[in-house]
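**Student:** Build the 3D model from these lines:
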Amino acid sequence: MVSASAAFHDALPISASAPRAIRAALTGEEIGHFDREYRQAMADAAESLDLSGVLATLERWRRVAWSAQEDPDAHQRMLENADRLNAREDVTAVPWNQLKARLGL
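**Tutor:** Got it, this is the predicted structure:
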């Protein structure tokens, strides 16, 4: 039996071993953020001889790239809401029980 997390992980269309593909799927400011994090992870790996940080960075950004590619409008709304939350502004939200009902859970 495959866990939901593993199934989601395998369903992502972008390989975590392809930094170029991840970067190509990103939008706007995310590209610069990816470049900085990836370069830092590579520099850290060169010093420590440990690739775990690089792999974790690529996996995290692969999920961001998937979100940006899967539904660009929803991804942009999510980024805008995150900016509002970080600025301590109110964000319209749906109560969990309504969301569960909408999703049929």
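**Student:** which residues in this protein form helices?
**Tutor:** 4-11, 19-25, 29-48, 52-70, 72-86, 96-103 (DSSP state H).
**Student:** Name the residues that touch the fifth one?
**Tutor:** Counting contacts by CB atoms under 8 Å, 6 or more residues apart in numbering, the residues outside helix 72-86 that touch it are Thr27, Ser67, Ala68, Asp90, Val91. Heads up, the C-betas are built off the backbone N, CA and C, glycines and all.
**Student:** again, 7 Å this time
**Tutor:** The contact list for helix 72-86 (CB atoms under 7 Å, 6 or more residues apart in numbering) reads Thr27, Ser67, Ala68, Val91.
**Student:** contacting residues around the second one?
**Tutor:** The one in question is Ser67. His75.
**Student:** Kindly recompute the last result at 10 Å.
**Tutor:** Leu12, Ala25, Leu26, Glu30, Ala74, His75, Met78, Leu79 (CB atoms under 10 Å, 6 or more residues apart in numbering).
**Student:** Where does the prediction get shaky in the chain?
**Tutor:** Applying pLDDT under 70 to the chain flags residues 1-13, 16.
**Student:** for it, which residue is closest to the average position?
**Tutor:** A centroid search over the chain (CA atoms, centre = their mean) returns Val64, at 2.2 Å, as the residue closest to the centre.
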